[in-house]
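Enquirer: the amino acid sequence is not available; the structure is as follows:
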């Protein structure tokens, strides 16, 4: 008998996150970006509005276009399943939620007139977290140091000298969240 190949649902959190991002993008297109402004973009808004608090978490689902979405989803689909297998679904949810909250609150405080959306902070959290997966307590892998140095150097340079609509601060904050989780996970092992 021939054995059949079967498709497996290998990473429920990552696949669910990607599906939510895709739904947010479709809603953005259908509503001419009204849904993104209401639900998937964090910006300085009254603290009396419940949507302000919702957007602290949901801004990572929205994206500024298909290219932005696809770029982030490629990294998340590449790194996420490996991290979810190693750290389990609950921990990956925590990384996503903390990254969303930290990036949105800092952005809310520092950049009052600018909207923030996208999963780039989550991507960089995953990048730094994946570079430290082999760490043990009281050890720092050289690969983590190299990735962190290159990553921070690039983000600082681009933040100072490149004029674009990319939030380098969100990348840095996401990377810090990923690194902190990596060291916390290493300590628990």
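Expert: Ah, there it is. What you see is a predicted model; the values in this text were computed from it and never measured.

Enquirer: mind checking the SS state of the residue nearest the centre of the chain?
Expert: With distances taken as Cα atoms, centre = their mean, residue 122 lies nearest the centre of the chain, 1.2 Å away. Three-state call for residue 122 (DSSP: H, G, I helix; E, B strand; the rest coil): helix.

Enquirer: what about it, distance to residue 2?
Expert: To residue 2, residue 122 is 40 Å away according to Cβ to Cβ, to the nearest Å. C-beta: built from backbone N, CA, C; applies to glycine.

Enquirer: so how far is the lowest-mean-pLDDT helix or strand in the chain from its chain's centroid?
Expert: In the chain, the helix or strand scored least confidently by mean pLDDT, DSSP states H and E is helix 142-161, which has a mean of 80. Here helix 142-161 is found 17 Å from its chain centre; the criterion is Cα atoms, centre = their mean, to the nearest Å.

Enquirer: now do the contacts for the residue nearest to the centre of the chain.
Expert: The neighbours of residue 122, taking Cβ atoms under 8 Å, 6 or more residues apart in numbering as the test, are 17, 60, 72, 76, 95-96, 99-100, 174.

Enquirer: ok, 6 Å please
Expert: Residues in contact with residue 122 (Cβ atoms under 6 Å, 6 or more residues apart in numbering) are 60, 96, 99.

Enquirer: buried sites along the least confident helix or strand of the chain?
Expert: By 16 or more other Cβ atoms under 10 Å, the buried positions in helix 142-161 come out as 144, 147-148, 151-152, 155.

Enquirer: tell me the helix or strand right after that helix.
Expert: Where DSSP states H and E defines the elements, the next helix or strand beyond helix 142-161 is helix 168-188.

Enquirer: so where do the strands sit in this structure?
Expert: Using DSSP state E, no strands are assigned anywhere in the chain.

Enquirer: poorly predicted segments of it, please.
Expert: 1, 135-138, 162-166, 189 (pLDDT under 70).
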